[in-house]
Structure formats: structure tokens, C-alpha cells
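Asks: predicted model and sequence follow; I will ask about them next.
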Amino acid sequence: MTPPDALQARRGTVRPRSLARRLTSAALQSTALALLVAGLAVNVLVYGWSHATLRGQAELQAAIASDGIAPALLFRDTRAAGEVLQLLKSSPDVRRATVFDATGQVFVRYDATAPLPPGAEAQAVPAETGLIEVRQPVVQGRERLGELRLAVSRHALQRQTLMLCGATVLSALLGLVVSWLRVRRVRRAVGRAENELNQLAYFDPVTGLQNRHAAMELLAGLAAEPSARFSVLLLDLDDFKLVNDTMGHAAGDALLGQLGGALQHAFGATGQVFRLGGDEFVAVVRSRRAGESAEHLGRHAIACFNQPMRFRGKLMPVHASVGIAEFPGHGATAQELLRAADTAMYRAKSSGKNGFAIYDESMDRENVARMQLSEELAAALQRDELVLHYQPILDLETEAILGVEALVRWRHPTRGMLMPGAFIEVAEGSGLIVELGGWVLRAAARQQAAWQARGLGHLFVAVNVSAQQLARRTLIDQVDAALKDSGADPRQLQIELTEHALIEDVAANVQMLAILKLRGMKIAIDDFGTGLSSLSYLKRLPIDKIKVDRSFVNDLSATGEDFAIVATIVGLANALKKEIVAEGIETPQQLAVLRRLCVQHGQGYFFSRPVPAADLEALALRGDTFPAPAR
């Protein structure tokens, strides 16, 4: 598994600072700012309080000194006034004291830096900075004799403030150290959580491969380089749902992990492999070998699935459909490239699966045509443009008509009569197949009721049911509605399902078929031998008939593999007491071999093509068959 830093290096991007680092930086900055603001506030408050205290003391000293100086100033005794001022020596904060008489002339002064003897001539003293000056009037009785100006030094206050600031800084540093130690532990926990989140954001937990988010980042980065040339391979596993349904999701996840490792081994040297989700993988190939084309890449991808994978001691066949898109020819952005590869992948899947397709613009035109056809089909269901044709099913010994298979046709207003192959796939892809299936059930039930009224009640009508009708649990309601609407005999209605559809959810389908059996209906497995079901499911399913797929009848001869397969199916049906019907009978030789194998019933162009209800009715009443078509 690639570490997160290595992943960033692979993507060619510069990884931003980690969340843990950013949280650590933010926490320390916040702590430092908080300590700074708190320390500044404390220092300002302490300084303001100390300044106010110093001024208050100075005012008190000035008031005491002015009371002692008043008599000396009244009698103009400078010596006595000087002796009073000399008492201020006991207060080291007092730097200077000056007494002015009533005329504003200096009467006497005291200077702590250069004291004068008592009675010396007072001189004006230049102003000194950093002092707090207090002015106190000198009063004798009610007469103002002068003014005392006391200057107090703030140096001690400043020293105290500097010491407090230093202590605050030390406390802040100590707080930052403690905070860093605590944040470091948090940072480690956040770092671990960040790595886990990064793992979840960029890696698939099932396979260990990088995920869709990482793939989109890589493709966006590569597409931003004008000179880049690379290929995008979208791989979708064929019928992987069957693995989950039959073996469980835990087994499916384990197999996906094994497949992811195999793909990484196959493409790791030339690119990167990602799991997009579900059973989809994408390989981004940035460096091809000399002479290697997109076709080579496709064959290389399919080769990864050619050999069955050994899983839990068993060999399990796993196949995939691959779509290929190339930069810059098939898209300029990550989204366009994935859409092109997805379009090509669905082309490969619709062409029979277990193959690859390279994107071209015609696929988009076909998708537009499919969408238009889907819209027209939806309208056709409302405009009653659909019609049923019926192919007889006969007893191969007597060639008596036992019943019919109802096959839908579309009377298209501009394209004429369309066969099912022209629109059934579109109906399945758009989901209209459920509504279409319900219409076929209602129309077939009405026709069976009409034939019953005309004396042909012995003919059963077989109706094909899609896997989506089973998956959406609509089949029971549709059958009940058809029977109620038509008044048809449920014993003369037969439901045909492919084995592939039946085993997608065996338990639910067994229950659903059992309900239909209670209605009196018969159940047939269509196209038997082409699916992936096991004999254990065949034993569990409440079916009445097995229809041999036409692929085994086409080349049927008295010997060969097809003869052996059909003989095996006949033996299986007899052992399980099931009726057997052969499809696609077109030649007398095929009929002869099927009779030899004791196949009971059959249908095909040798007897009759699918025909409108009126023609089938005439044929049944006549007791004959249409001649085989010229070939």
C-alpha cells in the first residue's frame, strides 16, 4: 500500500502543510497572543496603579512640606525654608522641590542631585524629564503666600515596570514551552488521524488500491500537461453480482482484493491502477512499450482474466469488459476521459462481454440514437404501437400444436415493423422493460382468453419475463392484474425466465415462483445451458420445463459436442421429471436427431415463424403447420 507522501509524489503535486502542523502552529500562535495580551494588560494595570500611588505619595509630601514652609515664606526666611526642604532627603524619589512666592519668583529650592546650603541664592533649574510634578499652594490662614512644586522621579517605577515585563516574558516563554509540550502530544494524535483520513480519502479499503478521488486527481494533473500522452482503461467485471449473491459479499470483497493485486501487477510498470467502486477498476497507462497500440493494451487487459483465478482452493472464472480512451484525442479533462472510456466499456459489454472496445465518436452518436429510441418506445407504450406475434410449440412426435410463445413486435411509425432485437436492449437499459413486460403479460392473457372463447382453450401461451421484473418484485402484481383484466385461465399461461435471471436472488425468486405455481401457472427455464447456474439451483427452483437454447440446436447432428450436450440436458430433465423443449428447429435433420434423443416438444422456423394471432388461430384450427421457409 502506497504511503500518503508517496502518493502525493506520484500525483506530481506539492503536498500542503499537514493538518497537524497547521493545528500546532495555530495553537502556539494563539497561546503566544493570549499570553502577550494578558501580560500587556497586567503591566499596564500595574503601571497605572503604581503611577497613581507615587503621585498620591508626592501630593502628601508636598502638603506636609508646604505647611512647614508657610511661616518661613511669610517672614522671607530663606534659611528656614531651605531647612524644611532638606527634610525631603529622606524620600529618595523626590528629585527637586521649588518654592515660589506670591509674585512667581523662586524663593528657595531643593535639588537632590546638587543640594544648596540653607539660605543660598535660589536659581532657576532647567526642566528634567521622567519626573512627576506636583503643585501645592503655600497658605497661611486664608492668605496664599506662594506655591511649592515637587518633582518626583519615575525611575524606580520604570525599573519596577521593566522587571515586571521581564517576569511576564519569562512566564510567557515558560507557558509556551508547556503549551508546546502538550500540543506536541495532540499533534501526534492529529497526525495519526490525518494519515487515517488521508488513507480513507485516497485508498480503497477492500483492494488497497487508490480510489476514484486519487484517480481523478491524477487524471486532472496529467491532462493539465499539454505534452502528455496517456491511455485510460476502464474495466468492469462481467456478472460479478453472481459472486456476491452465491458466495457472499465477504468472499466478493476478498476476490476483488485478489483481482486488484493482479491488475496492479499487470499495469504497475507502465501506469497505475485504481478501484472506482463496485466492480469497476481503471488503469492509467502513461508509458507504452515500443510499438504498443491501444489494441495491445486492450488485449493485455483481457489477458489478465483469461485464466481462472484460484480463490479459496477453487478455480473461479472471472471476466471483464474493457473500455479504452486516450488523451488528448478522446477528451481534454478527467471527466471527459472517464466518460469516453465508460462509453467504450459498455460497447464491449453489449458486444458479448469479456472483450475490449476503443472509444470513437460514433459511440456517442449511437448513444444519442439509443436515447431517442428509448423515448420513442416510451411513447409507443402509450400509443399502442406494440403487437404480439405467436410461434407455435409442438409435440415433436405428433406435430400437434400444444401452445405458443408470445413475442413482441413494434409497429414503428417511420421504420416499420421492428423485431425485439432492435429495442429490447434499449428497454432493459432504460428500465422500460418492466412496463413492457407488464404490457406483454396483459396482451398475452387477453389473447389466451379470446382463444378459449373460440374453442382453443387447450393452447397455453408462454410469456418471457425479464430479470428486472423479478428484481423489482413487480411480477406477481403484473400477473394478477393481467389475469383479473382478461379472465384468462392461469393454467394456460406459462412464464419463461432465463437461468441467469433466476439465480440473481435465488431465495426471493423461489418464493415468487412458488406463488405463481399456486396460481396454477407453469414455469420454464429459457435458453438453458447458456447461464452460470448450478444443478443445486435447478433442484431448488419450482420449474416445470427446460428449454434447450437454440445455440445447441443450430449445428446439431447425430454425433458431436452439441449432440452430447443436448443428450445430457435431456437426461437431466428426465431425472428431475421436467418437460423439455428444443428451440430453433429449422431443418428435418435437427428434428430427426431431437426425436432420437426423445426431446418431447419443440419450436422453430421449420414449423412456423412467429405470426399474428389471426394466422396462428387459423393454423391451430386447421391442424397443420406453415411450410418451412426457403433457405
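Replies: Thanks, I have it. Residues are numbered from 1 along each chain as shown.
Asks: from now on I want contacts and neighbour counts done on CA atoms only, so please keep to that.
Replies: OK.
Asks: in the stretch 451-600 of the chain, which spans are helices?
Replies: According to DSSP state H, counting those that start in this stretch, the stretch 451-600 of the chain carries its helices in the segments 467-471, 475-486, 499-502, 506-518, 535-540, 561-575, 588-596.
Asks: how about TSV for the ones you listed, with mean pLDDT and distance to residue 37 added?
Replies: Converted to TSV, the helices of the stretch 451-600 of the chain look like this (pLDDT from 0 to 100; distance: least, Cα to Cα, whole Å):
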stretch	mean pLDDT	distance to residue 37
helix 467-471	89	68
helix 475-486	95	75
helix 499-502	79	74
helix 506-518	90	71
helix 535-540	72	78
helix 561-575	90	90
helix 588-596	94	99
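Asks: distance to residue 83 added to those helices, as JSON lines?
Replies: JSON lines is the format used below for those (distance: least, Cα to Cα, whole Å):
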{"stretch": "helix 467-471", "distance to residue 83": "116"}
{"stretch": "helix 475-486", "distance to residue 83": "123"}
{"stretch": "helix 499-502", "distance to residue 83": "122"}
{"stretch": "helix 506-518", "distance to residue 83": "118"}
{"stretch": "helix 535-540", "distance to residue 83": "126"}
{"stretch": "helix 561-575", "distance to residue 83": "138"}
{"stretch": "helix 588-596", "distance to residue 83": "148"}
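Asks: among the ones you listed, which is nearest residue 383?
Replies: helix 475-486 (19.0 Å; Cα to Cα).
Asks: just want the angle from that closest one to helix 506-518.
Replies: Going by axes from the mean of the first three to the mean of the last three Cα atoms, to 10 degrees, helix 475-486 is angled at 20 degrees with respect to helix 506-518.
Asks: touching helix 475-486 from outside, list them.
Replies: With Cα atoms under 8 Å, 6 or more residues apart in numbering as the test, helix 475-486 has contacts from 438, 441-443, 445-446, 449, 469, 489-490, 512, 515-516.
Asks: filter those to the buried ones?
Replies: Neighbour counting with 16 or more other Cα atoms under 10 Å marks 438, 441-443, 445-446, 449, 469, 489-490, 512, 516 as buried within those.
Asks: buried sites along stretch 238-252?
Replies: 238-244, 251-252.
Asks: I meant to write stretch 52-65 there.
Replies: Neighbour-count burial for stretch 52-65, counted by 16+ other Cα under 10 Å, picks out 54-55, 58-59, 61-63, 65.
Asks: now stretch 326-338
Replies: 326-328, 330-334, 337-338.
Asks: so which of those are in strands?
Replies: Cross-referencing those against strands under DSSP state E gives 326-327.
Asks: identify the farthest-apart pair in the buried residues of stretch 326-338.
Replies: 328 and 338 (12.4 Å).
Asks: which of the buried residues of stretch 326-338 fall within helices?
Replies: Per DSSP state H, helices hold the following members of those: 334, 337-338.
Asks: would CSV of those with distance to residue 186 be doable?
Replies: Formatted as CSV, these follow (distance: Cα to Cα, whole Å):
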residue, distance to residue 186
334, 38
337, 42
338, 41
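Asks: average pLDDT across the lengthiest helix in the chain?
Replies: If you go by DSSP H, the chain has its longest helix at helix 19-74. For helix 19-74, mean pLDDT rounds to 83.
Asks: and the next helix or strand past it?
Replies: Next in sequence after helix 19-74, counting helices and strands by DSSP states H and E, comes helix 78-86.
Asks: name the helices or strands packed onto that following helix?
Replies: The contact analysis (3 or more Cα pairs under 8 Å, 6 or more residues apart in numbering; DSSP states H and E) places helix 78-86 against helix 19-74, strand 106-111.
Asks: re earlier: now tabulate the contacts of helix 475-486 in JSON lines and tack on distance to residue 455.
Replies: Compiled in JSON lines, the contacts of helix 475-486 are given as follows (distance: Cα to Cα, whole Å):
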{"residue": "438", "distance to residue 455": "26"}
{"residue": "441", "distance to residue 455": "21"}
{"residue": "442", "distance to residue 455": "20"}
{"residue": "443", "distance to residue 455": "19"}
{"residue": "445", "distance to residue 455": "15"}
{"residue": "446", "distance to residue 455": "15"}
{"residue": "449", "distance to residue 455": "10"}
{"residue": "469", "distance to residue 455": "32"}
{"residue": "489", "distance to residue 455": "13"}
{"residue": "490", "distance to residue 455": "16"}
{"residue": "512", "distance to residue 455": "31"}
{"residue": "515", "distance to residue 455": "28"}
{"residue": "516", "distance to residue 455": "25"}
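Asks: closest one of those to residue 151?
Replies: Of the contacts of helix 475-486, the one sitting nearest to residue 151 (Cα to Cα) turns out to be residue 469, at 104.3 Å.
Asks: excluding chain neighbours, what is closest to residue 32?
Replies: Spatial nearest neighbour of residue 32, chain neighbours left out: residue 176 (6.7 Å); criterion: Cα to Cα, 6 or more residues apart in numbering.
Asks: residue 144 now?
Replies: Residue nearest to residue 144 in three dimensions, not counting chain neighbours: residue 138, with 6.0 Å by Cα to Cα, 6+ apart.
Asks: what lines up beside the helix or strand hosting that neighbour in the sheet?
Replies: Here residue 138, judged by DSSP H and E, is contained in strand 131-140. If you go by DSSP bridges, strand 131-140 pairs up with strand 143-153 (antiparallel).
Asks: just the element for the closest residue in space to residue 326 that isn't next to it in sequence, please.
Replies: Using Cα to Cα, 6+ apart and skipping the chain neighbours, the partner closest in space to residue 326 is residue 231 (4.4 Å). According to DSSP H and E, residue 231 maps onto strand 230-237.
Asks: buried residues in that strand?
Replies: Of the residues in strand 230-237, 230-237 count as buried by neighbour count, 16+ other Cα under 10 Å.
Asks: what's the lowest-pLDDT member of the residues you listed?
Replies: Scoring these by pLDDT puts residue 237 last, at 89.
Asks: residue 352: what secondary structure?
Replies: Here residue 352 is coil, with the state taken from DSSP: H, G, I helix; E, B strand; the rest coil.
Asks: how many neighbours does it have?
Replies: 11 (other Cα atoms under 10 Å).
Asks: show me the strands in the stretch 151-300 of the chain, by range?
Replies: Taking DSSP state E, counting those that start in this stretch as the test, the strands found in the stretch 151-300 of the chain are 210-211, 230-237, 271-277, 280-285.
Asks: make TSV from those and add distance to residue 454 to it.
Replies: Below are the strands of the stretch 151-300 of the chain laid out as TSV (distance: least, Cα to Cα, whole Å):
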stretch	distance to residue 454
strand 210-211	64
strand 230-237	51
strand 271-277	56
strand 280-285	55
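Asks: between the ones you listed, which gets nearest to residue 612?
Replies: So among these, strand 230-237 is nearest, using Cα to Cα, at 40.6 Å.
Asks: go ahead and name everything in contact with the closest one.
Replies: Residues from elsewhere that reach strand 230-237, judged by Cα under 8 Å, 6+ apart: 279-287, 294, 298, 318-327, 337-338, 341-342, 345.
Asks: for stretch 375-390, same thing?
Replies: 404-412, 423, 427, 432, 436, 440, 443-444, 610-613, 616.
Asks: go on, stretch 405-412?
Replies: Counting by Cα under 8 Å, 6+ apart, 380, 385-393, 416-420, 440, 444, 461-464, 610 sit against stretch 405-412.
Asks: quick one: furthest residue from the center of this protein?
Replies: residue 75 (102.2 Å; Cα atoms, centre = their mean).
Asks: next one: phi and psi at it?
Replies: Backbone dihedrals for residue 75, given as degrees, to the nearest 10, come out at phi -100, psi 10.
Asks: for residue 142, see how far away it is.
Replies: 16 Å (Cα to Cα, to the nearest Å).
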